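Peer 1: Provided below for reference: sequence and predicted model.
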Amino acid sequence: MTLSQLPVANIFLYSIAAATVLIYLPFLLVAYARTKIGYEAFATPRAQFDKLPAYAQRAAWAHQNSFETFIVFASAALMAYVTGVDSTIAAVAAIAFVVARLLYSIFYIVNIPLLRSLMFAISSFSSATLIILSIIQANN
């Protein structure tokens, strides 16, 4: 079964699952950097934040931002799921969110602010699209 053959409702659920995983991917770099600092970084992680290399600090910020955007996206995708939104636009919005959030973390970690901001805008627009489509669907 290809992506185009999946029911839109399934795409919403798979996108939520993928977005959940994406929250924790940047944190793997933080954990790796902490191993380079030593046990102290694990014993007092917040106190050792300034000792992390810049890429790991940015990875931690990407990780934190992922929680913030996930709440809105998961709500939007569940709204679309519950209201029975069934359109290509909605499916593209859900997939675009996941792709944009993956790229967001990458661009954040490698320190490309313009592209990071563009990915944030795309993911925010994707969530907004799902919310709007859900409201339209609920009113029909």
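Peer 2: Cool, the structure landed.
Peer 1: In contact with residue 110, which residues?
Peer 2: Residues near residue 110 by Cβ atoms under 8 Å, 6 or more residues apart in numbering: residue 55. (Glycine included, C-beta is placed from N, CA and C.)
Peer 1: Name all residues that make contact with the residue positioned nearest the centre of the chain.
Peer 2: Centroid-nearest residue in the chain: residue 101, 4.1 Å away (criterion: Cα atoms, centre = their mean). Remark: with contacts taken as Cβ under 8 Å, 6+ apart, residue 101 is in contact with 19, 22, 66, 69, 119, 123.
Peer 1: who wins for most neighbours among these?
Peer 2: Neighbour counts for the contacts of residue 101 peak at residue 123, which has 27 neighbours (criterion: other Cβ atoms under 10 Å).
Peer 1: quick one, what contacts it?
Peer 2: 69, 73, 96, 97, 100, 101, 104.
Peer 1: so the first one touches residue 126, yeah?
Peer 2: I take that to be residue 69. No - applying Cβ atoms under 8 Å, one finds residue 69 not in contact with residue 126, separated by 9.8 Å.
Peer 1: Please work out which helix or strand belonging to this protein has the smallest mean pLDDT.
Peer 2: Across the helices and strands of the chain, mean pLDDT, DSSP states H and E gives its lowest value to helix 39-43, namely a mean of 65.
Peer 1: Which strands or helices does the one helix or strand residue 62 maps to pack on?
Peer 2: Using DSSP states H and E, residue 62 sits in helix 54-83. Applying 3 or more Cβ pairs under 8 Å, 6 or more residues apart in numbering; DSSP states H and E, one finds that helix 54-83 makes contact with helix 8-37, helix 88-109, helix 113-139.
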